[in-house]
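Undergrad: Model the following, please.
(chains A and B)
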Amino acid sequence: MEFHSENREVDSYLSRSESSDSTDGLDKNLNNKIQNTKDQSYEKYEKLKPQKSILNFSDNRYIVFFSIIAAILSFIETFLPKPLLFVKVGFAYVPILLILGKAQLKGIISIILLKSILGSIFAGTLFSFTFLLSLSGNIGVIIGILILSIIPIGFSRIAISIFLSSLSNIAQLFFYSFFIIRDMSLLNISPLIICFSVISGFFTGLIAVNIEKYYLDIRFDLV
Amino acid sequence: MKKIVNCYFAKSDILIYLLLLIVAISPLMSKFFHSEVKGEDSNYYNSLFVEVGYQGSKQIYPISQDRLIDLKQGKIKIEIREKKVYVVESDCQDKICVKAGKIDKPGQIIVCMPNKLYIKVISKKEDEYDGISF
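TA: Numbers count the residues shown, from 1 in each chain, chains lettered A, B, ... in the order given. Okay, the predicted model is just below:
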């Protein structure tokens, strides 16, 4: 009972103080000043805001540009710790996601293959076991892109990235269980792997969508 | 593919999410309909054997059959029950063999030094790894 009465007192005090504030002239001036400064800072922010830059490609040179960017990103990703085998944020797929649906299919597939080879050269794992694993994942992504190119429905980039990441992880799991341990019981963990790939694919898709929305406009004058 | 929607969510995304959900659930559902897992288990236990070595001689028993093994005129009692092996009774001092508990995995071993006794689980299946790392 005491608790309730205290609350009431506090409420009444607050309401009184508010009413007294509104009548004071000094506080009005202060409020105006604050509003003015807010407007100025907002204008400054508007000026500082990065303008959307445009990348124009009229040649097949975009294949080299994007494959090198993707390879460097995949190399940077190797520095990050990997708690589980299949869990990583696929930064390397951000440039590929950005040009998906704009460039030609041939170019996209060659970018993915070049990216896997160049990235393994940078990381020093060419022709090793991890290279074979990553290559199988990339082949899974290529199959997914071919499937999506057949379907005439338009999807958002986040859904596409989730789909491709889960496909790449499932392809890696198939490769691992078919050729390395030859035991099909490992496929039972595929629901868990799809869960992880949904999380990582969502974040890569989010990055790609935001880059396309606010920072970069990629245009192709091909065909 | 040709008309990718530049937004966070499109209505057609539900198709992809449903497909992924079905793929994710299908291995879980297959467990309810098939009883192959049990068959695999019985195969696994058929390949396991118990090797009992006592005073230099050794004998091999299958782990899937329950039995009592008496040694030293009943002073040492070894039991195989529910696909696990353990020493019930022993006349040694420290009873380390009794305290070792139940073993059922290939490579596990119970030893009783004063009686020169060892019990070992062995598997006749080849190409079996404990774990793989890379």
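Undergrad: And stretch B:47-61, end to end?
TA: End-to-end distance of stretch B:47-61 (Cα to Cα, to the nearest Å): 11 Å.
Undergrad: Go ahead and measure how far that stretch is from the middle of the chain.
TA: 19 Å (Cα atoms, centre = their mean, to the nearest Å).
Undergrad: Give me the contact status of it with chain A.
TA: No. Counting by Cβ under 8 Å from any Cβ of the partner chain, chain A has no neighbours in stretch B:47-61; the shortest distance is 14.7 Å. C-beta here means a position set from N, CA and C on the backbone, and glycine is covered the same way.
Undergrad: Report the buried residues of that stretch.
TA: Buried residues in stretch B:47-61, defined by neighbour count with 16 or more other Cβ atoms under 10 Å in any protein chain shown: B:47-50, B:52, B:54, B:61.
Undergrad: Identify the farthest-apart pair in the residues you listed.
TA: B:47 and B:54 (23.9 Å; Cβ to Cβ).
Undergrad: So residue B:93 belongs to a helix, correct?
TA: No. Using DSSP: H, G, I helix; E, B strand; the rest coil, the assignment for residue B:93 is coil, not a helix.
Undergrad: what about the nearest residue to it once chain neighbours are set aside, neighbour count?
TA: Of all residues not flanking residue B:93 in the chain, residue B:114 sits nearest, at 6.7 Å (Cβ to Cβ, 6 or more residues apart in numbering or on different chains). Neighbourhood size, residue B:114 [other Cβ atoms under 10 Å in any protein chain shown]: 12.
Undergrad: now the one 3 residues further on
TA: The criterion is other Cβ under 10 Å. On that basis, residue B:117 has 21 neighbouring residues.
Undergrad: hmm, back to that, which ones among the buried residues of stretch B:47-61 map onto strands?
TA: Counting by DSSP state E, the buried residues of stretch B:47-61 place B:48-50, B:52, B:54, B:61 in strands.
Undergrad: Tabulate those in TSV, adding columns for pLDDT and distance to residue A:87.
TA: Output for those, formatted as TSV (pLDDT from 0 to 100; distance: Cβ to Cβ, whole Å):
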residue	pLDDT	distance to residue A:87
B:48	86	35
B:49	89	40
B:50	90	41
B:52	91	46
B:54	89	50
B:61	90	45
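Undergrad: now do the same end-to-end measure for stretch B:56-73.
TA: 17 Å.
Undergrad: Now the one helix or strand residue A:200 maps to: average pLDDT?
TA: Secondary structure assignment for residue A:200, by DSSP states H and E: helix A:190-210. Mean pLDDT, helix A:190-210: 90.
Undergrad: what about residue B:118, helix or strand, and which?
TA: strand B:117-123.
Undergrad: What lies in contact with that strand?
TA: B:47-55, B:60, B:63, B:71, B:76, B:78, B:85, B:87, B:97, B:103-112 (Cβ atoms under 8 Å, 6 or more residues apart in numbering or on different chains).
Undergrad: same thing with stretch B:96-104?
TA: Residues contacting stretch B:96-104 (Cβ under 8 Å, 6+ apart): B:48, B:63, B:83-90, B:109-113, B:115, B:117, B:119, B:121.
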